[in-house]
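Undergrad: Fold the following for me, if possible:
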Amino acid sequence: MTIQRGRFSGSRENVSADLQAGDVIHVWLKARITGVTATVAVTVAGVEIAAAVSTKTEEFEFHHVVLSAGGECVLSYEPSATAVSVIYSFDPVSVLEEGIRVLHYAAANAPPQLHSGYHFRPPFGWMNDPNGFGRFEGKAHLFYQHYPHSLRWNTMHWGHAVSHDYLHWTHLPVFLFPGAELSMRDDGRGGAFSGSAIPVATEDGEQIRIFFTEQVRDRKPEEQIQLSAICADGIFVGNPSVVLPVRPEGLGLTPDFRDPYVFKGPDGLWKMLLGSRDKSGGVILLYETCDRDAAGSWNLVGVLHREDRFGMTAAECPCMIPLGDVASDETRWALIFGLLTSRDPATGRRNMSSVTVGRFDGRHFQPEFEQELDFGSDAYAFQAFVDHDGPVGLAWLANWTDVSKSVDFPTAMTLPRRILLDGSAVLTPPLEAVEGLRHKLLDDDGLRTGKSVELVDGAVEIQLDLKQAGASFELSFYHPEISLGVRQDEDGLAVLFDTGTGKPSPRYLAAGAKPEQVRIFLDAGSIEVFADNGRWCGTKRIPGFAAIRSATLNASEGSVAAARVWQLKL
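TA: Here you go, the predicted model:
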């Protein structure tokens, strides 16, 4: 397919592509001038077959166009009167395999132009929390918090992609839209907030039922309510209906009431977790239903868990998975959630994520131990499900501490991770499939012997095998804009990070860690550290997209048994 952009026919802007009859075009436009109608004309083989029009000036308006004929399709508009955010096309019959074809995006929502990169990113616009992560009809689906029209957070939509291995993703049409009232303006008053998805069996196959929080700022009596909808074809979702219109009474909860995570309990019933807050701190609520399809009849069971550490406010983005056979009484369950606004006084880190392990009988959770999910704190809003070979999850590779109104924000998901139980510790190593990203061995011995190793485009994996647990080393990276490294010493394992602005950086430290093996994944905008098969994980977003150019290892003689560097490539 050929896509052309440019100005032709005087001052008009044209976007052209060879498309087929039946193809669908999604276009968002708005008027630049009050009282002047914005128009995008759609012609095929020189004949105008449709026009998308809007008189809105504050927010882009969505239009859906089905082509009645195939050939050279030209979308034409006058840029002085019409602003166009996004145009993409797709074949509705094959879109699950082929994905969308992005024809146009504006400078305000353009994705980074990276030479390489192996983390999931949206095809345009802003992204944060993963939603509805699961496998449906054989494909892994990832829904995510999305604002199509800017690189900054605003009115929430759900984006959508599918994969066969959690690494190679096919982008699908925007899945879930905010309510009509919220779509009128770009003032970030709410939208389709975070949630989850489950499979629903039917006589004709499997459907996807989604659950999400609809937020409308200052709405009375509730800003946040819970909705559900059905997707029958894996692409388009039906009209949502309200399943939980109000917070439970008598618990003294704040308006925080969000992020429904639905899963099958050990008693065979559908369960729903919701994050909230009371006067003491974070609260996770448990609901259940006897409805086979989880469509309604949700009843409050009670408060499943409380958390008040680190000055947190609401518990958010809860997720609960079995670490073994769901039907076994001996199986432990992992409860994972974000500690919103938390601050660790020892390190200065903000917005940590916690995993608590215990027994769960479907109605009561008995915690046995807890640990931090990620000492880097940029693996936030973690969501997981039990796939056919065990639990797998991923997170937003950022957290709200770094969000700025004035600086563009690199947005990505973490590498997909396993969730394993090893005695009294939860391990979250990267999925085995990431070894398939190893494109070329860049170094097999130079790093270990103290040489500086060039990292080509900065998309690499470094593996250090230590002679003994906790052996000291410092791995320094050359980045053109920041100071970055990884250190193991008597304090533990740390990601060293300094922006050079003079403002003290938090300490990203796994206190007391003494690993024998450390794997480090570098990419544009991120570093992920996995020690001893994910016993300690440290994830840090790096500002900008500049490549890390080289690495140098400083360690006492004989403390590092092996050091290898692979160039990674999708």
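
Undergrad: count of neighbours near the nearest residue to residue 344 once chain neighbours are set aside?
TA: Nearest in space to residue 344, with sequence neighbours left out and distances taken as Cβ to Cβ, 6 or more residues apart in numbering, is residue 310 at 5.7 Å. Any C-beta I mention is one placed from the backbone N, CA and C, and that applies to glycine too. A total of 18 residues lie near residue 310 under the criterion other Cβ atoms under 10 Å.

Undergrad: Name the helix or strand of the chain that has the lowest mean pLDDT.
TA: Every helix and strand in the chain was compared by mean pLDDT, DSSP states H and E; the lowest is strand 3-8, with a mean of 53.

Undergrad: Show me which residues of the next helix-or-strand element following that one are buried.
TA: Using DSSP states H and E, the helix or strand that directly follows strand 3-8 along the chain is strand 12-19. For strand 12-19, the neighbour count (16 or more other Cβ atoms under 10 Å) marks 12, 13, 14, 15, 16, 17, 19 as buried.

Undergrad: And for stretch 423-432?
TA: Buried, per 16+ other Cβ under 10 Å, within stretch 423-432: 426, 427, 428, 429, 430, 431.

Undergrad: And the closest residue to the last one other than its chain neighbours, how far from residue 117?
TA: Residue nearest to residue 431 in three dimensions, not counting chain neighbours: residue 416, with 4.5 Å by Cβ to Cβ, 6+ apart. Taking Cβ to Cβ, to the nearest Å as the measure, residue 416 falls 15 Å from residue 117.

Undergrad: more crowded one of these two?
TA: Using other Cβ under 10 Å, the more surrounded residue of residue 416 and residue 117 is residue 416, with 24 against 21.

Undergrad: ok, now which ones touch that one?
TA: Contacts for residue 416 (Cβ atoms under 8 Å, 6 or more residues apart in numbering) come out as 166, 167, 392, 393, 394, 430, 431, 433, 434.

Undergrad: what would those look like in CSV with secondary structure?
TA: Shown next, in CSV, are these (DSSP: H, G, I helix; E, B strand; the rest coil):
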residue, secondary structure
166, coil
167, coil
392, strand
393, strand
394, strand
430, strand
431, coil
433, helix
434, helix
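
Undergrad: Spatially nearest residue to residue 458 (excluding sequence neighbours)?
TA: residue 547 (3.0 Å).

Undergrad: I'd like to know how many residues surround the one you found.
TA: 23.

Undergrad: check contacts around it.
TA: Contacts of residue 547 (Cβ under 8 Å, 6+ apart): 115, 455, 457, 458, 459, 524.

Undergrad: Span of stretch 531-538 from start to end?
TA: End-to-end distance for stretch 531-538, by Cα to Cα, to the nearest Å: 9 Å.

Undergrad: for it, the distance to its chain's centre please.
TA: Between the centre of stretch 531-538 and the centre of its chain there are 20 Å (Cα atoms, centre = their mean, to the nearest Å).

Undergrad: Report the rounded mean pLDDT for it.
TA: For stretch 531-538, mean pLDDT is 98.

Undergrad: which outside residues touch that stretch?
TA: By Cβ under 8 Å, 6+ apart, stretch 531-538 touches 373-376, 379, 417-418, 420, 422, 425, 427-430, 493-495, 508, 510, 513, 515-519, 527-530.

Undergrad: Among the residues you listed, name the buried ones.
TA: Buried among the contacts of stretch 531-538 (16+ other Cβ under 10 Å): 373-376, 379, 417-418, 420, 427-430, 493-495, 508, 510, 513, 515-519, 527-530.

Undergrad: So what's the gap between stretch 171-186 and the chain middle?
TA: 18 Å.

Undergrad: Now do the buried residues in it.
TA: So for stretch 171-186, counting by 16+ other Cβ under 10 Å, buried means 171, 172, 173, 174, 175, 176, 177, 178, 182, 183, 186.

Undergrad: cool, stretch 366-384 as well?
TA: Quick answer for stretch 366-384 (16+ other Cβ under 10 Å): 370, 372-384.

Undergrad: Show the end-to-end separation of that stretch, please.
TA: End residues of stretch 366-384 are separated by 20 Å (Cα to Cα).

Undergrad: still on that earlier bit, tell me the secondary structure of the residue nearest to residue 344, please.
TA: Classified using three-state DSSP, residue 310 is helix.

Undergrad: if we can go back for a sec, name the nearest of the buried residues of stretch 171-186 relative to residue 24.
TA: Among the buried residues of stretch 171-186, residue 173 lies closest to residue 24 (Cβ to Cβ), at 7.8 Å.

Undergrad: what's near enough to touch the closest one?
TA: Neighbours of residue 173 in contact, by Cβ under 8 Å, 6+ apart: 24, 26, 88, 90, 95, 100, 160, 235, 236.

Undergrad: Contacts made by the one helix or strand the third one maps to with the rest, please.
TA: Element membership of residue 88 [criterion: DSSP H and E] is strand 82-90. Residues outside strand 82-90 that contact it (Cβ under 8 Å, 6+ apart) are 13, 15, 17, 19, 23-32, 38-40, 60, 73, 75, 77, 98-106, 108-109, 123-125, 148-149, 172-173.

Undergrad: Tell me what angle it forms with strand 12-19.
TA: 0 degrees (axes from the mean of the first three to the mean of the last three Cα atoms, to 10 degrees).

Undergrad: Strand partners (parallel or antiparallel) of strand 82-90?
TA: strand 24-31 (antiparallel), strand 101-105 (antiparallel) (DSSP bridges).

Undergrad: ok, and which of these has the densest surroundings?
TA: Of all the strands paired with strand 82-90, strand 24-31 has the most neighbours on average by mean count of other Cβ atoms under 10 Å, namely a mean of 22.

Undergrad: Can you list the helices and strands that the helix or strand following it packs against?
TA: Using DSSP H and E, the helix or strand that follows strand 24-31 in sequence is strand 38-44. Judged by 3 or more Cβ pairs under 8 Å, 6 or more residues apart in numbering; DSSP states H and E, strand 38-44 is in contact with strand 24-31, strand 47-54, strand 71-77, strand 82-90.

Undergrad: Swap in 10 Å and give it another go.
TA: strand 12-19, strand 24-31, strand 47-54, strand 61-66, strand 71-77, strand 82-90 (3 or more Cβ pairs under 10 Å, 6 or more residues apart in numbering; DSSP states H and E).

Undergrad: tell me which residues in the fourth one are buried?
TA: Across strand 61-66, burial judged by 16+ other Cβ under 10 Å covers 61, 62, 63, 65.

Undergrad: got it, and the fifth one?
TA: By neighbour count with 16+ other Cβ under 10 Å, strand 71-77 contains the buried residues 73, 74, 75, 76, 77.

Undergrad: On the strand side of things, show who the last one bridges to.
TA: The partner list for residue 77 in beta bridges (DSSP bridges) reads residue 13.

Undergrad: State the distance from it to residue 428.
TA: 47 Å.

Undergrad: wait, residue 65 sits on residue 42?
TA: Yes. Applying Cβ atoms under 10 Å, one finds residue 65 in contact with residue 42, separated by 5.7 Å.

Undergrad: Can you work out which residues contact both of the two?
TA: When contacts are counted by Cβ atoms under 10 Å, 6 or more residues apart in numbering, residue 65 and residue 42 are jointly contacted by 25, 27, 49, 50, 51, 52, 73, 75, 87.

Undergrad: Output these in CSV, with pLDDT and distance to residue 338 appended to each entry.
TA: Below are the shared contacts of residue 65 and residue 42 laid out as CSV (pLDDT from 0 to 100; distance: Cβ to Cβ, whole Å):
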residue, pLDDT, distance to residue 338
25, 98, 37
27, 98, 35
49, 95, 47
50, 96, 44
51, 97, 45
52, 97, 39
73, 97, 44
75, 97, 41
87, 98, 35
